[in-house]
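Student: sequence? don't have it. structure:
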Ligand code: GLN
């Protein structure tokens, strides 16, 4: 214990690097421990840490090196310009999902005034809150099957002063008889056998994989879309980089038109949308 007392900022950061923590992550963690902006660290390399700060930082570095997402340690993550509180009950929002939000915002410009929007499987509330913030006249609802996730999302909404209707629901189960102009979802879509899952062990499994081929949640959502979209309304889904063809087929089988896919920040097919045109 006495060995960590008296350690400088510079030494603490060097120790974190040696423990396998990314340089920027180490700076962000130490800045949070010291309650200083990151830039302060760079000009104060000789400043000494209190023993409790050094211990706290070392403990965080151990967790980060073991793969705990930075957002869980810091307790927050930025998404579409909003700072969201996150904990282990919710998936960490990914920048790739901003593609889905931006696409929905484009479509919402063509929708009637005060469109009804819903985010299925909202987790931290990221998608729903980003829409409510960027398109204030929309009436936004959001569901999650996890009550703990709904609590996180609701608290984010209150903190940000954004009104969203939060509902506990297994996909469409609590939405009988309700229709929307835009339905969005970033559901669990990682296949059960995908080796990538092992690297995501700290995030809720329920948010990552529905088991099997990874498509079950996407199937449920696509199948229910005709009963829950207004005429001319859109369904937008995030999916795995190798699932675009399968998701396009699901949307066409459900009777949606104008089916199209967009790529994420890395250029991989990541979001697929389709429009519901009620038969005349
Ligand atoms: N995009 C996440 C990942 O592969 C998975 C999110 C999800 O299943 N919806 O890291």
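Tutor: It's in. Computed from a predicted model, the values in this text were never measured in an experiment. Numbering: from 1, shown residues only.
Student: What residues does the stretch 51-200 of the chain have near the ligand?
Tutor: Proximity of the stretch 51-200 of the chain to the ligand (CB under 6 Å from any ligand atom) is limited to residues 94, 186, 188, 189, 190, 196, 200. No exception for glycine: its C-beta is placed from N, CA and C like everyone else's.
Student: again, 5 Å this time
Tutor: For the stretch 51-200 of the chain, the contact set with the ligand under CB under 5 Å from any ligand atom comprises 186, 188, 189, 190.
Student: Which helix or strand contains residue 104?
Tutor: In this structure, residue 104 is located in helix 98-108 according to DSSP states H and E.
Student: Output the below-cut-off pLDDT ranges for the stretch 1-150 of the chain.
Tutor: For the stretch 1-150 of the chain, the stretches with pLDDT under 70 are 1-5.
Student: in it, which spans are helices?
Tutor: Using DSSP state H, counting those that start in this stretch, the helices of the stretch 1-150 of the chain run over 9-18, 23-34, 38-43, 51-65, 70-74, 98-108, 126-134, 147-160.
Student: will you turn these into a markdown table that also has distance to residue 80 and mean neighbour count?
Tutor: Compiled in a markdown table, the helices of the stretch 1-150 of the chain are given as follows (distance: least, CB to CB, whole Å; neighbours: other CB atoms under 10 Å):
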| stretch | distance to residue 80 | mean neighbour count |
| --- | --- | --- |
| helix 9-18 | 29 | 18 |
| helix 23-34 | 20 | 19 |
| helix 38-43 | 22 | 13 |
| helix 51-65 | 25 | 18 |
| helix 70-74 | 15 | 19 |
| helix 98-108 | 5 | 19 |
| helix 126-134 | 4 | 25 |
| helix 147-160 | 11 | 18 |
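Student: Save these as a markdown table, and put in distance to residue 209 too.
Tutor: Listed next are the helices of the stretch 1-150 of the chain as a markdown table, based on distance: least, CB to CB, whole Å:
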| stretch | distance to residue 209 |
| --- | --- |
| helix 9-18 | 31 |
| helix 23-34 | 26 |
| helix 38-43 | 34 |
| helix 51-65 | 23 |
| helix 70-74 | 19 |
| helix 98-108 | 19 |
| helix 126-134 | 19 |
| helix 147-160 | 16 |
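Student: Which residues are in contact with the residue nearest the centre of the chain?
Tutor: Nearest residue to the geometric centre of the chain (CA atoms, centre = their mean): residue 93, 2.4 Å. For residue 93, the contacting residues are 77, 79, 84, 86, 123, 124, 126, by CB atoms under 8 Å, 6 or more residues apart in numbering.
Student: Among these, which lie within strands?
Tutor: 77, 79, 84 (DSSP state E).
Student: Ranking by neighbours, what's the top pick from those residues?
Tutor: residue 84 (27 neighbours; other CB atoms under 10 Å).
Student: Pairing partners for it in the sheet, please.
Tutor: residue 77 (DSSP bridges).
Student: ok and the residue in the stretch 1-150 of the chain nearest the ligand?
Tutor: Per CB to the nearest ligand atom, residue 94 is where the stretch 1-150 of the chain lies closest to the ligand, at 5.2 Å.
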